[in-house]
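Colleague: pasted the sequence and its predicted model underneath.
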There are 2 protein chains.
Amino acid sequence: MASSLSSSGATAAYPPSSTASGASSSTASGAPSSTSSYPMPPSAVPTGVAPEGDYTGPLRPQVHFSPPVGFMNDPNGLFRASNGTWHLYYQYNPTALVAGNQHWGHATSEDLYTWENQPIALYPPANVTGSGVFSGSAVLDTDNTSGFFGNLSEGVDPVVAVYTLNTPEKQTQNIAYSTDGGYTFTEYEGNPVIDIGSNQFRDPKVIKYEDHWVMVVAYSVDFAIGIYTSPDLKQWEFASNFSDAGLLGLQYECPGLAQLPVEDSDEKAWVMYLSINPGAPLGGSVGQYFIGDFNGTHFQANDAAARIDGFGADYYAQQSFFGTGDESIALGWASNWKYTNLVPTAEEGWRSTMATPRRNYLTNATRIGYVLVSEPYQIETVRDSSLLEGGAETASVVNTTVEIDLSNSTSGAVYFNLNITVPENASVSESAAITLVMRSSASNETLEAGHYLGGSNAGTTWVNRGNLTGFDHPLFNEKFSLTQVGPGQSLSGIFDRSLFEIFVDGGAFHATSTVFPSEPLDTLEVTTSDLPEGADVQAAVWGLKSTWA
Amino acid sequence: MASSLSSSGATAAYPPSSTASGASSSTASGAPSSTSSYPMPPSAVPTGVAPEGDYTGPLRPQVHFSPPVGFMNDPNGLFRASNGTWHLYYQYNPTALVAGNQHWGHATSEDLYTWENQPIALYPPANVTGSGVFSGSAVLDTDNTSGFFGNLSEGVDPVVAVYTLNTPEKQTQNIAYSTDGGYTFTEYEGNPVIDIGSNQFRDPKVIKYEDHWVMVVAYSVDFAIGIYTSPDLKQWEFASNFSDAGLLGLQYECPGLAQLPVEDSDEKAWVMYLSINPGAPLGGSVGQYFIGDFNGTHFQANDAAARIDGFGADYYAQQSFFGTGDESIALGWASNWKYTNLVPTAEEGWRSTMATPRRNYLTNATRIGYVLVSEPYQIETVRDSSLLEGGAETASVVNTTVEIDLSNSTSGAVYFNLNITVPENASVSESAAITLVMRSSASNETLEAGHYLGGSNAGTTWVNRGNLTGFDHPLFNEKFSLTQVGPGQSLSGIFDRSLFEIFVDGGAFHATSTVFPSEPLDTLEVTTSDLPEGADVQAAVWGLKSTWA
């Protein structure tokens, strides 16, 4: 299947090679241009058939979702069905390895790690040349406010997808409904449901607030998030704007709104998510969030602070699942527009991965107040046996190096957790540190990460993907770091072939990084140095099951 | 002189080597710890004698200020004397190559590029063990509001320095006055002038607003900038706070307030500068700014946007000169706390450089509104002859490479300017780009920068210092980039041995990067590729005079 796809920049070089034939030009934002003209489907697979993918390639994540073939970007329409099944739709170009010709791909999962590809859910309308089904969300219209679900069979969820229809002229908000629980959709005949005549107006995320629906949607080049309300998902009334806040970049995209619990309290607070592209501090795309209150029509941030969601370069367009009750579960796209069309996974016939699913909540952190914590969601579901010597549950690593053979994980994917104990009032030297090195025994290339415990960089966590040799590009940053208050209590991470994610203190700080080794990384060295008297680092390292086998 | 200094991490490695003896431990902010105990002076040079430095080392900037010996950080007390002389004070540790034991070093210049080292201006009080003279500013008290200058000689400026006295107990705002135009200072006997009992309260910047003095000062760990007013520089009254805005990091430092002209208009607007450390998006330290209005007591930002000042990792603690009339001239520290104590210039007996002086103004940019433009200030003052073949003023570089021999610049320092013309409505391909490569013929290591003109990365400027071999550290980021609206009209830059600065569109976007080649970079290649029909890049490249020779 992959051979039929056009590829751009599979061999990275700068300046990047020209966009391959069949791929569209893109706007500065990386989103497909509204004026480009795509060939219409045939897509890579016939309508109604789930596309097949080869998930055996050395860069293919084994516990993360990646598209069967072609190009993927934002997660869309995330919801959890009443029977517990997770539905993921995603921005999908089934006919090329670069963005363009946007469909909604579809996959389902019982655990958010083991995915089943489903037939493409939404196609660009065949009668509108150059159109694309851009990002959006989905809801369960349990009360049938829309009137679409009068004759629904028992046990079938009433799913409404809300998306942006992108045409050469403009971007409008449209809806489609599904009477088979989210597998096939019928376009609402009254579309569009919101049309303001703009060609920069997109990415509706709809939630239920008490008795009405609420949509947040980006006026991208105006640096504003519109808030609309509706009783029935069809008639939308403008309520308010939240604008000119945080890092502006050049475009606002993919807003989101969720009420999150505050850890160790009965409190809750509202979080407005917002992605910007390009113009992120690390270049390209980044997510950020605002903490405040929402009254059903207006969002008021608690302050004028800008808060970045993750310190890596590859976490974008995070969206929360509809239908998860008091928990907030989210999924983000693990890439960056500035190089997503160039990464070497194209050689395997696909591009882009979703990040590890996260449970999001707030913590009231020392001194800096509410912080969004984003922890891996039930990663233990896919945990395999311990990779420590003799299958030990944990190993103490104190001023020594422990080497772990990753080839004992059949998937090559690994989850580690380091619990750090430093006695109170210990004198911690500048050189007290934890260093992780994942190495290929074939090429000796390395992926590195670490954490400083003392001195002026105490509390700083870092990642270095610059000593891997599978991809090089001037915009592909190599080093990331962030400093938190205090020395840190835990460091955990997931390495999955071409994805590396690190979580500090359970996700209070996190970085998602695409990584492109030329050869599989088959050893992990955990080193601690200059720990003070009485300090301990307890390491646990597990293989992860291959969910695509 | 250098051999008497202690050095930390001259050979970089991670984890970083322990802090050398004689150097203090630092707080998480990188600023010297308020609880550390330094040996008191003797300093490196006797009181009243200008310290001597060796400015011939291969990493020594030739048109930028760096300290004669020892460690430098923030610019302090910047003012322009009535006779036109520029006065630079700076955070200075004359007895070690790492931060600590903070003095105010002093240097003067007639052009901001050619500097004369002066005797150290402010010493930590000998009777307060573990104290330091932290950052602050200076004013010309022309109306003698302070009463310090009753008997001043004709032509001598009435200089008052306002600084933070850091002691193991607390940080207070103190003043000292000079009756010889800024060379020696007398401590005010009524010090401190502001004492709130805090040990995180520092970096006063004082300006004159109509009939009164205004101080902005950081409550560092409260993420607030205090605004105080005074009739006489001695009695200060709290007026307001500006707080919880922009990127918070872990500490606020070095606030500044200036009224800037808006280009091509009669308008002016107020800018609040603010540095944070650590916690910058690129790790460590960063400067940011807010645009708004100031009425003499309160600053009101126009919006809740966060605006970062420069897309490199090495531009911090920018301060504006007092006494420059309608122009706003500023100087920043070209380093980052996360690695400043480790960089290899220690081998030459010094650490840290000031960035190129900037003229700051606002431009009303397409779509994104007011942007702080930071352009090199009168760089032509130190411009030497053209390095283009035959001494040509400019060369057209269209889809070709022009190689320039930098060894024809005796200083090794270079200024280049590329004027970019792309015909309106030209179809610009994804691969249309400008690439700059500075190379060492001895080691083949390179410093690279570039600019994309088309495709999804159009308007993106990048810098890559990762192919230089003189310094490596997990926190020393290698790649930087930023995307602007539109393709860009000019790209200029200054390379000065261990400093590289790039300015897009005259400084609307800029990046300051310390760079550490192992061997001198002696060629520059300017390449353009896939420019569309009718496009042109006019390159000019000049050597810069060695101002320290």
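Modeller: Happy to help now that I have it. Given the structure is predicted, the values throughout are model-derived calculations rather than measurements.
Colleague: so what's A:Gly137 closest to, chain neighbours aside?
Modeller: Not Gly; residue A:137 is Ser. A:Lys205 (4.5 Å; CB to CB, 6 or more residues apart in numbering or on different chains). (Each C-beta comes from the backbone N, C-alpha and C, glycine too.)
Colleague: and the pLDDT at that neighbour?
Modeller: Note on A:Lys205: pLDDT of 98.
Colleague: pairing partners for the helix or strand hosting it, with directions?
Modeller: A:Lys205 belongs to strand A:201-209 when assigned by DSSP states H and E. Sheet pairing here is set by DSSP bridges, and for strand A:201-209 it gives strand A:212-219 (antiparallel).
Colleague: just the CA trace of the strand holding A:Lys205, in PDB.
Modeller: C-alpha atoms of strand A:201-209 as PDB (Å, rounded to 0.1, in the frame of the first residue of the first chain):
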ATOM      1  CA  PHE A 201     -12.400  29.900  11.400                       C
ATOM      2  CA  ARG A 202     -12.000  26.400  12.500                       C
ATOM      3  CA  ASP A 203     -11.600  23.400  14.900                       C
ATOM      4  CA  PRO A 204     -14.800  23.400  16.900                       C
ATOM      5  CA  LYS A 205     -14.700  21.500  20.200                       C
ATOM      6  CA  VAL A 206     -18.200  21.000  21.700                       C
ATOM      7  CA  ILE A 207     -19.000  20.100  25.300                       C
ATOM      8  CA  LYS A 208     -22.200  19.900  27.300                       C
ATOM      9  CA  TYR A 209     -22.600  22.500  30.000                       C
END
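Colleague: report the distance from that strand to the chain centre.
Modeller: 18 Å (CA atoms, centre = their mean, to the nearest Å).
Colleague: show me what counts as buried in it.
Modeller: Of the residues in strand A:201-209, A:201-208 count as buried by neighbour count, 16 or more other CB atoms under 10 Å in any protein chain shown.
Colleague: check stretch A:141-148 too.
Modeller: Under 16+ other CB under 10 Å, the buried positions of stretch A:141-148 are A:141, A:145-146, A:148.
Colleague: give me the distance between the two termini of that stretch.
Modeller: 9 Å (CA to CA, to the nearest Å).
Colleague: any idea of the mean pLDDT in it?
Modeller: So the average pLDDT for stretch A:141-148 ends up being 98.
Colleague: please apply the same query to stretch A:302-321.
Modeller: Across stretch A:302-321, pLDDT averages out at 97.
Colleague: one more: stretch A:217-227?
Modeller: 97.
Colleague: domains in chain A, as residue ranges please.
Modeller: Following the assignment in automatic domain parsing, chain A carries domains at A:70-374, A:378-544.
Colleague: the last one - what's its average pLDDT?
Modeller: Averaged over domain A:378-544, pLDDT sits at 96.
Colleague: for A:Ala317, what are phi and psi?
Modeller: As for A:Ala317, its main-chain torsions (degrees, to the nearest 10) stand at phi 60, psi 30.
Colleague: actually, A:Leu406.
Modeller: According to degrees, to the nearest 10, A:Leu406 has phi -80, psi -20.
Colleague: same check on the one 5 residues further on?
Modeller: Here the main-chain torsion angles of A:Ser411 (degrees, to the nearest 10) amount to phi -80, psi -20.
Colleague: how close does it get to A:Lys545?
Modeller: As judged by CB to CB, to the nearest Å, A:Ser411 and A:Lys545 stand 6 Å apart.
Colleague: overlap in contacts, those two.
Modeller: A:62-63, A:384 (CB atoms under 8 Å, 6 or more residues apart in numbering or on different chains).
Colleague: now the residue nearest the centre of chain A: closest residue in space, sequence neighbours ignored.
Modeller: Among the residues of chain A, the one closest to the centroid is A:Gly332, at 1.4 Å (CA atoms, centre = their mean). Spatially, and ignoring its direct neighbours in sequence, A:Gly332 is nearest to A:Gln318 (3.7 Å; CB to CB, 6+ apart).
Colleague: pretty sure the one you found contacts A:Ser285?
Modeller: No. Judged on CB atoms under 8 Å, A:Gln318 makes no contact with A:Ser285 at a distance of 11.3 Å.
Colleague: compare the two and say which is more crowded by neighbours.
Modeller: Higher neighbour count among A:Gln318 and A:Ser285: A:Ser285, with 29 against 26, using other CB atoms under 10 Å in any protein chain shown.
Colleague: do you know how far the residue nearest to that one when sequence neighbours are not counted is from A:Leu97?
Modeller: Nearest non-adjacent residue to A:Ser285, counting by CB to CB, 6+ apart: A:Asn277, 3.9 Å away. According to CB to CB, A:Asn277 and A:Leu97 sit 19 Å apart.
Colleague: what do you get for A:Gly323?
Modeller: Applying CB to CB, the value for A:Gly323 to A:Leu97 is 33 Å.
Colleague: of these two, who's got more company?
Modeller: A:Leu97 (29 against 20).
Colleague: and the more buried one, what's its pLDDT?
Modeller: At A:Leu97, the model reports a pLDDT of 95.
Colleague: got the residues of the stretch 351-500 of chain A near chain B?
Modeller: By CB under 8 Å from any CB of the partner chain, the residues of the stretch 351-500 of chain A that approach chain B are A:367-368, A:429-433, A:435, A:448, A:450, A:452, A:455-460, A:462, A:464, A:466, A:474-485.
Colleague: anything in stretch A:119-135 sitting right up against chain B?
Modeller: No. Using CB under 8 Å from any CB, stretch A:119-135 stays clear of chain B, coming no nearer than 15.2 Å.
Colleague: which parts of that stretch are buried?
Modeller: A:120-125, A:130-135.
Colleague: likewise for stretch A:256-263?
Modeller: In stretch A:256-263, counting by 16+ other CB under 10 Å, buried: A:256-258, A:260-263.
Colleague: rewinding a little: tell me which two of the buried residues of stretch A:141-148 sit farthest apart.
Modeller: Spanning the widest gap among those are A:Thr145 and A:Phe148, at 9.3 Å by CB to CB.
Colleague: output the shared contacts of A:Ser411 and A:Lys545 in CSV; the columns should cover secondary structure and neighbour count.
Modeller: As requested, the shared contacts of A:Ser411 and A:Lys545 are exported to CSV (DSSP: H, G, I helix; E, B strand; the rest coil; neighbours: other CB atoms under 10 Å in any protein chain shown):
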residue, secondary structure, neighbour count
A:Gln62, coil, 24
A:Val63, coil, 28
A:Asp384, strand, 18
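Colleague: pick the one among the buried residues of stretch A:141-148 closest to B:Glu348.
Modeller: A:Asp141 (70.2 Å).
Colleague: distance check, the closest one against chain B.
Modeller: Relative to chain B, A:Asp141 is positioned 34 Å away (CB to the nearest CB, to the nearest Å).
Colleague: right, I'll call it a day here.
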